[in-house]
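Engineer: what would the 3D arrangement of this be:
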Amino acid sequence: MPPSNRLFDDLARLMTDAAGAAQGVRREAETVVKAQIERVVRDLDIASREELDVLRDLVTNLQAQNEALSARVAALEAKAGSAAAGLSEAV
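Structural biologist: Numbers count the residues shown, from 1 in each chain. Alright, predicted model coming up:
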């Protein structure tokens, strides 16, 4: 019996070593793939999350300013229209 136990022990040790080597290869492959993806994203010059947040805030502020200016123009046009109507009635 001892020779078969030794065979199983050697086989188990071999499988354990193979599993450890496979995990090492997997980690190395993940590192290489991650580095390649980061390089491609960097080369594409894609905007970062922070840049998108700043741009969204800027657009929101500009929309608010645009609405305020539109209301101001409408008020000035109404005032100019009523003043023009008053002048035409006076003539």
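Engineer: do you know how far the spatially most central residue of the chain is from residue 33?
Structural biologist: By C-alpha atoms, centre = their mean, the chain has its centre lying nearest to residue 49, at 4.5 Å. Going from residue 49 to residue 33 by C-beta to C-beta, to the nearest Å gives 22 Å. Every C-beta, even on glycine, is put in place using the N, C-alpha and C of the backbone.
Engineer: how about residue 62?
Structural biologist: Distance, residue 62 to residue 33, by C-beta to C-beta: 40 Å.
Engineer: and what of residue 66?
Structural biologist: 45 Å.
Engineer: how about residue 71?
Structural biologist: Counting by C-beta to C-beta - residue 71 and residue 33 are separated by 54 Å.
Engineer: what helix or strand does residue 66 sit in?
Structural biologist: helix 49-90 (DSSP states H and E).
Engineer: one step back: report the contact partners of the residue nearest to the centre of the chain.
Structural biologist: Residues near residue 49 by C-beta atoms under 8 Å, 6 or more residues apart in numbering: none.
Engineer: confidence score at it?
Structural biologist: You'll see residue 49 listed with a pLDDT of 91.
Engineer: buried stuff in stretch 42-62?
Structural biologist: Residues of stretch 42-62 classed as buried: none (neighbour count, 16 or more other C-beta atoms under 10 Å).
Engineer: can I get it in PDB, CA atoms only?
Structural biologist: Only the C-alpha atoms of stretch 42-62 are listed here, as PDB (Å, rounded to 0.1, in the frame of the first residue of the first chain):
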ATOM      1  CA  ARG A  42      -5.300  56.800 -22.700                       C
ATOM      2  CA  ASP A  43      -4.500  56.800 -26.400                       C
ATOM      3  CA  LEU A  44      -8.100  57.500 -27.300                       C
ATOM      4  CA  ASP A  45      -8.000  60.600 -25.200                       C
ATOM      5  CA  ILE A  46     -11.300  59.800 -23.500                       C
ATOM      6  CA  ALA A  47     -12.500  62.300 -21.000                       C
ATOM      7  CA  SER A  48     -12.300  61.400 -17.300                       C
ATOM      8  CA  ARG A  49     -15.200  61.200 -14.900                       C
ATOM      9  CA  GLU A  50     -14.100  64.500 -13.300                       C
ATOM     10  CA  GLU A  51     -13.900  66.300 -16.600                       C
ATOM     11  CA  LEU A  52     -17.400  65.100 -17.500                       C
ATOM     12  CA  ASP A  53     -18.800  66.300 -14.100                       C
ATOM     13  CA  VAL A  54     -17.200  69.700 -14.600                       C
ATOM     14  CA  LEU A  55     -18.700  69.900 -18.100                       C
ATOM     15  CA  ARG A  56     -22.100  68.900 -16.900                       C
ATOM     16  CA  ASP A  57     -22.000  71.600 -14.200                       C
ATOM     17  CA  LEU A  58     -20.900  74.200 -16.800                       C
ATOM     18  CA  VAL A  59     -23.700  73.300 -19.200                       C
ATOM     19  CA  THR A  60     -26.300  73.500 -16.300                       C
ATOM     20  CA  ASN A  61     -25.100  76.900 -15.400                       C
ATOM     21  CA  LEU A  62     -25.100  78.100 -19.000                       C
END
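Engineer: done for today, thanks.
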